[in-house]
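Colleague: Predicted model and sequence below, questions to follow.
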Amino acid sequence: MITASALARVTIVGAGVAGAYLGAKLSREGIDVEGIEAQDISKYHSVCAWATSVDGIRGYLRSIDMDIDGYIIREADGIYVDLGGRLYRVPTRHLATFDKPALIVDLARSFKVRYPVRVRGIPDVRSDLIVDATGVHRSVIGPAEDGADLVLPAYQLLVRYRNPPMDDFYVKPFPRYTGYLWYFPLTNGEFFVGAGDLHHGHLKQISEFLDKHPPDEVLRREGRPIRISPPGILRPLFRAAGMAVTAVGEAAGAVLPMLGEGILPSVISAEMLFERISNASEAIDLQSYAEGLTRKFSVFGAAYRFVRKKQLDECRISDISCTADALRLALFFSSRSGRRLTGLAPTLRHAYLAVRPF
Ligand SMILES: Cc1cc2nc3c(=O)[nH]c(=O)nc-3n(C[C@H](O)[C@H](O)[C@H](O)COP(=O)(O)OP(=O)(O)OC[C@H]3O[C@@H](n4cnc5c(N)ncnc54)[C@H](O)[C@@H]3O)c2cc1C
């Protein structure tokens, strides 16, 4: 295929879900794309609880002739949400755990990727654009300006139960939205039990859960921080001076702050960058890509402001901006687009309960 893009060669550092999806799209467009990935492909792993909205991701994968159904491990019937000791059963809409590492490896098979190569700073390559898809690391574009980055420590265990304490998805947000605990089913009695907490209480919360529900086996323990600062707050998203560099996925803040959900937002950001690259008639307009991300994920901005005020105990009913953000979030979570993004299908009442103080 002959590409119409002014960009002949693109280098993507990091072949996680964002980088691998972007690479797969660009190679189909006839753009010479090369990935550089720190992990070994034969042992590729993604520290993540592997849950996403099947409805949300399906169309993106279809655009490259892939089918999410082949990767689904366990679809939720609903999700238990533990709000300050009261358990609510919230409907879901095709929320599922899926084999995320297998999907990533399959996506990355469709273009050249150098494994295992860890990049630090701008790699020495001949390219029209370098994409930083290294997730929380931002190994190419570098740290955020003005301390505008916020990452939460997170940890999880892969456990097996002969008699699981619950046979469905379960989450327990912590007071003031400093984080939450999750229990997500996989297959063969296996579950991810994990938590992330800004105030570092996540290990204690996991221990308490496991003391109450002791598993028969612990198969794996792993952790990594997760970014919750969204595009717009997180800067820079690109560097135009010298070699053009831009960020995508979690490196660009494409993570829903209240839920830590970053898989589908990462794919959405990669699709947005793909469109910019494939339509670039002269140089790529990275400023407008960054502005597009900020607009697209503006509800993430509201979620970020809301959780930050909650965490600092500054969200009062008299605070008009915090109340407006809370209302916007309640409407978003119960809306069609919210359902598509999160895989949750709360009623307006459930959504209100999730954003009220507790
Ligand atoms: C414990 C935990 C649980 C989570 N659970 C969920 C969930 O259930 N659902 C959900 O939607 N989101 C979840 N997330 C968030 C989600 O995992 C990420 O937001 C999403 O995977 C981001 O995709 P990405 O491709 O941008 O980055 P990553 O998935 O982090 O991929 C980055 C890639 O870059 C590679 N890399 C890193 N540094 C370098 C380097 N210097 N040189 C070369 N390569 C490099 C990495 O090996 C990796 O392959 C979770 C996060 C954590 C920490």
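Modeller: That came in fine, so what should we check first? Residues are numbered from 1 along each chain as shown.
Colleague: Pull up the residues of the protein that are close to the ligand.
Modeller: Proximity of the chain to the ligand, by C-beta under 6 Å from any ligand atom, involves residues 13-19, 36-39, 46-52, 118-119, 133-135, 137, 139, 154, 156, 194, 224, 226, 249-251, 255, 260-263, 266. Every residue, glycine included, has its C-beta placed from N, CA and C.
Colleague: Mind checking which of these are in strands?
Modeller: When DSSP state E defines the strands, the subset of the residues of the chain next to the ligand inside them is Val13, Ile36, Ala51, Thr52, Ala154, Gln156, Gly194, Ile226.
Colleague: Pairing partners for the first one in the sheet, please.
Modeller: According to DSSP bridges, Ile36, Asp132 are recorded as the beta-bridge partners of Val13.
Colleague: if we can go back for a sec, just the buried ones from the residues of the chain next to the ligand, in PyMOL syntax?
Modeller: The PyMOL selection below is limited to those of these classed as buried (16 or more other C-beta atoms under 10 Å):
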select buried, resi 13+14+15+16+17+18+19+36+37+38+39+46+47+48+49+50+51+52+119+133+134+135+137+139+154+156+194+224+226+249+250+251+255+260+261+262+263+266
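Colleague: quick one: contacts for the residue of the stretch 1-150 of the chain found nearest the ligand?
Modeller: Of all residues in the stretch 1-150 of the chain, the one sitting closest to the ligand is Gly16 (1.9 Å; C-beta to the nearest ligand atom). If a contact means C-beta atoms under 8 Å, 6 or more residues apart in numbering, then Gly16 has Ser46, Ile104, Ala133, Thr134, Gly135, Gly249, Glu250, Ser266 as its contacts.
Colleague: now do 7 Å
Modeller: Neighbouring residues of Gly16 by C-beta atoms under 7 Å, 6 or more residues apart in numbering: Ser46, Ile104, Ala133, Gly135, Gly249.
Colleague: ok, these vs Pro123, which is closest?
Modeller: Using C-beta to C-beta, Ala133 comes nearest to Pro123 of those, at 12.6 Å.
Colleague: Phi, psi for the closest one please.
Modeller: The main-chain torsion angles of Ala133 are listed as degrees, to the nearest 10 and equal phi -120, psi 40.
Colleague: any idea how far Arg305 is from the closest residue to it other than its chain neighbours?
Modeller: In this structure, Ala133 finds its nearest non-sequential neighbour in Gly19, 3.1 Å apart by C-beta to C-beta, 6 or more residues apart in numbering. Counting by C-beta to C-beta, to the nearest Å, the separation of Gly19 from Arg305 is 29 Å.
Colleague: same question, Pro257
Modeller: Noted for Pro257: a distance of 9 Å to Arg305, by C-beta to C-beta.
Colleague: again with Gly232
Modeller: In this structure, Gly232 and Arg305 are 11 Å apart, going by C-beta to C-beta.
Colleague: Adding pLDDT, write the ones in strands among the residues of the chain next to the ligand out as TSV.
Modeller: Converted to TSV, those look like this (pLDDT from 0 to 100):
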residue	pLDDT
Val13	98
Ile36	98
Ala51	98
Thr52	98
Ala154	98
Gln156	98
Gly194	98
Ile226	97
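Colleague: In terms of helices and strands, where is Leu26?
Modeller: Under the criterion DSSP states H and E, the helix or strand holding Leu26 is helix 17-28.
Colleague: Packing partners of that helix?
Modeller: Other helices and strands packing on helix 17-28, by 3 or more C-beta pairs under 7 Å, 6 or more residues apart in numbering; DSSP states H and E, are strand 9-13, strand 32-36, helix 100-108, helix 263-278.
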